[in-house]
Every structure is written in C-alpha cells, then in structure tokens.
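Chemist: coordinates only, sequence not included:
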C-alpha cells in the first residue's frame with residue numbers, strides 16, 4: 001500500500017514576499033518627502049484625536065459648570081485651534097534667518113511674562129502660580145517659554161557651532177539663562193514644567209557634545225531642586241511619595257491616579273466607544289486636561305492608546321531624520337529640542353496616568369485641553385514641517401510637483417478652448 005507524503009510548504013514565496021515588503025518600505029522611506037508627510041500626517045491625526053477626546057472628556061464638566069452647555073470647553077479649544085493652525089502655517093513658511101532673528105525677542109518676552117506672573121499679576125490655580133491674565137484670555141507663560149528657549153538656545157549654539165569644543169562655550173550663556181527660566185517657573189511652584197525645561201536643556205547639551213561631568217552636575221542640581229520644591233508643599237510631597245500605590249491614600253492623594261487606572265483597566269482592547277466613559281462623570285479630576293489619556297484609554301481601549309503613542313514616536317522618527325540629514329546646525333538643534341519637549345511631555349503624562357511617575361500636572365501635547373500649550377506646540381510642529389520641506393531634495397520634489405500641476409492646468413485650459 002503506497003502512501004503519499006503531504007506537500008511540503010515552500011518557504012521561498014513567504015521569504016520573497018517579506019523581502020519585497022521590506023524593499024518597498026525602504027523605498028518609501030527613502031523618498032524625499034517622506035519626513036514631510038510623516039510630520040504633517042501624524043500631527044494632523046493627533047490634533048483630530050485631541051479635539052474628539054476634549055469633546056468627550058469635557059462634556060460632563062462643561063454641562064455642570066456652564067449652565068447645561070456640554071460644548072463650552074470644546075468650543076474654546078476650537079478657537080485655539082483656529083489661532084494655532086495659521087500660526088503653524090506661517091511658521092512653516094518663515095525663512096531660517098528670520099526665525100533666528102526672532103529668538104532673542106521670544107526669549108525676552110517669555111521671561112518678562114514669567115516675571116510678571118510671579119510679581120503680582122499671576123493667578124494661582126491648583127497650587128501653582130503660573131497663569132497670566134492678558135485681557136479676556138489667561139495664558140501660561142511657561143508654555144511659551146518652552147518654545148522660546150528651544151529657539152534661543154539653538155540660535156546661540158548654531159552661532160558658536162565651530163567653537164563648541166570648549167566647556168565654556170557650551171555652558172555660557174545657555175545654561176545660566178535656562179536655569180534662570182527654570183527658577184522663574186519653580187518660583188510659581190510648577191514642578192512639572194520645570195522638569196520639562198530641564199529636559200530640553202539636557203537634550204541641547206547632549207546634541208552639542210557636552211562632557212559627561214556636565215550632565216552629572218546638571219542632573220544632580222535638578223534632583224536637589226525638585227526635592228526641595230516638593231518638600232515645600234505637603235500635598236505635592238504626598239503625591240510623590242504615594243504614586244506607586246495610589247490605593248494606599250485612595251480618598252486623598254491617590255484619588256486621581258486610582259481612577260485613572262480604573263478608566264484604563266475598563267477600556268479593554270477596543271474601548272467602550274466615544275462618549276461612553278464612566279470615570280469622566282465626576283470621579284476623575286482633570287479628565288479633559290492632565291488625565292485625558294485615561295479617558296482615551298477607557299473609550300478607545302489599548303488600541304487607541306497605542307495609536308497615540310505611535311503617532312508621537314512617528315513625529316520623533318521623522319524629525320530625527322530631518323535633524324540627521326540637515327547641514328544647518330540651527331535646524332538640527334531646534335529639531336532635537338522640539339522632539340525632547342513634545343515626546344518628553346508625552347512620556348511624563350502617560351507615566352502619570354499609568355502611576356509610573358508622580359502626578360505633577362503635565363498635559364498631553366495636542367490632546368489635552370488648553371490653548372496655552374496647544375498654540376506653541378502647533379507652532380513648533382509647523383517649524384519642523386517647514387524644516388522638512390526646505391531640505392534640498394524635498395524642495396526640488398515640491399517644485400517639480402508644482403510645475404507638473406501648472407502644466408496640467410495649462411493643458412486643461414488649452415483643451416477647453418479648443419473645444
């Protein structure tokens with residue numbers, strides 16, 4: 001009795017398809033406009049998700065605080081988007097010399113606003129004096145300061161690019177000025193923003209090749225200052241010491257992180273659906289600001305949270321490509337500074353919600369409610385998009401596309417006239 005052996009599985013077609021897919025991916029990444037489209041697409045998706053989540057997470061709070069109007073907060077966010085998008089577009093079109101000329105005025109304006117905030121013109125909210133009233137609006141000067149210090153430090157280091165081998169050239173004047181800005185922020189007891197500014201400083205020092213001992217000294221000073229600031233507030237110190245186990249002090253400092261965990265744990269893989277969050281009905285404080293990531297996880301599930309994190313990493317990947325490819329040191333330093341700022345804030349915010357880090361009041365960029373944070377973030381992303389489209393190969397590709405489009409329109413008009 002003869003038996004037939006089962007057909008052998010030929011692995012060659014599978015390997016061939018895998019190689020073809022990898023070759024296609026490499027080809028797509030090698031295109032001159034890849035970084036430009038990745039930055040533009042990821043930023044647009046994050047902004048869209050942010051508006052959707054602000055609408056959902058703020059609806060209950062808005063209904064309660066604004067006489068039954070569930071859309072009051074999202075309308076304000078839309079106003080800030082309407083302000084921020086034109087600013088981002090203008091930033092993407094500015095020539096690099098003009099951006100550099102704006103660095104010093106931006107830094108001085110940010111420091112003046114920070115000083116005014118601490119000298120009697122600021123408002124204290126949630127224990128932090130970091131709001132400044134400008135007519136009918138309230139802004140956080142510290143958010144403007146993040147963009148200003150990135151531009152200013154990049155401008156200074158780009159001007160001294162050939163002299164950065166000496167320690168004095170690396171330190172002066174960037175380190176003292178950024179420490180002064182950090183001091184003004186910490187004066188208002190805003191520990192979270194101070195940590196972000198110090199992260200930007202460390203990133204700048206790393207990019208320009210600062211020696212290891214300077215990193216150790218800066219990090220040690222940051223740790224001492226953070227501990228001192230935390231010890232001046234019993235509430236903040238309790239949050240820092242109980243963040244690992246928020247259920248230990250469930251009804252006080254652990255209430256917010258515990259309910260953030262409740263929201264994430266009930267979201268499952270795909271979430272409960274937009275608008276179906278239960279924790280936003282009063283149990284979760286700051287549901288539309290610092291803890292919007294928890295509502296996002298509850299309504300969009302693990303898939304939604306991973307999508308948001310992936311989009312931030314996409315921005316970091318595309319921006320790093322631009323920074324590595326450019327020959328302009330100013331573009332390189334600004335790009336790395338913006339990446340550390342936005343991605344660092346994302347990591348801190350997600351870490352807060354997951355109780356991996358203490359709650360220190362850091363919003364999720366482009367997602368959380370707040371115009372003071374949204375507009376500078378959009379301007380920063382606009383700068384990155386402008387850097388990506390001004391790279392020589394990208395500029396040539398865009399120019400060729402415009403010529404092709406113009407030729408097509410001309411041919412169409414000629415055809416219509418002939419008919």
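Modeler: Perfect, I can see it now. Computed from a prediction, not measured in an experiment: that's the story for all the values here.
Chemist: and residue 98, how many neighbours?
Modeler: Using other C-beta atoms under 10 Å, residue 98 has 9 other residues around it. In this view, the C-beta of every residue, glycine as well, is placed from N, C-alpha and C.
Chemist: residues in contact with the helix or strand containing it?
Modeler: Secondary structure assigned from DSSP states H and E places residue 98 in helix 96-101. Outside helix 96-101, the residues that touch it by C-beta atoms under 8 Å, 6 or more residues apart in numbering are 91, 151, 155, 158, 328, 330, 331, 383, 390.
Chemist: Next one: the last one from residue 217, what distance?
Modeler: The one in question is residue 390. From residue 390 across to residue 217, the span is 37 Å (C-beta to C-beta, to the nearest Å).
Chemist: more crowded one of those two?
Modeler: The neighbour comparison of residue 390 against residue 217 (other C-beta under 10 Å) goes to residue 390, with 19 against 12.
Chemist: what about the closest residue to the more buried one other than its chain neighbours, distance to residue 324?
Modeler: Nearest non-adjacent residue to residue 390, counting by C-beta to C-beta, 6 or more residues apart in numbering: residue 96, 7.6 Å away. Going from residue 96 to residue 324 by C-beta to C-beta gives 17 Å.
Chemist: Out of the two, name the residue with the larger neighbour count.
Modeler: Using other C-beta under 10 Å, the more surrounded residue of residue 96 and residue 324 is residue 96, with 16 against 10.
Chemist: Please work out how many residues are found near residue 170.
Modeler: By other C-beta under 10 Å, the residues close to residue 170 number 20.
Chemist: For the closest residue to it other than its chain neighbours, grab phi and psi.
Modeler: Of all residues not flanking residue 170 in the chain, residue 210 sits nearest, at 5.0 Å (C-beta to C-beta, 6+ apart). With angles defined as degrees, to the nearest 10, residue 210 sits at phi -70, psi 150.
Chemist: so what pLDDT did residue 210 get?
Modeler: With respect to pLDDT, residue 210 has a value of 87.
Chemist: three-state assignment of the residue nearest to residue 250 when sequence neighbours are not counted?
Modeler: Nearest-residue entry for residue 250: residue 258, 5.6 Å, with adjacent residues in sequence omitted and distances by C-beta to C-beta, 6+ apart. Here residue 258 is recorded as helix under DSSP: H, G, I helix; E, B strand; the rest coil.
Chemist: low-confidence ranges in this structure?
Modeler: For the chain, applying pLDDT under 70 flags the ranges 1-12, 25, 27, 229-233, 235-236, 406-419.
Chemist: center of it - which residue?
Modeler: What sits nearest the mean C-alpha location of the chain, by C-alpha atoms, centre = their mean, is residue 342, with 2.6 Å.
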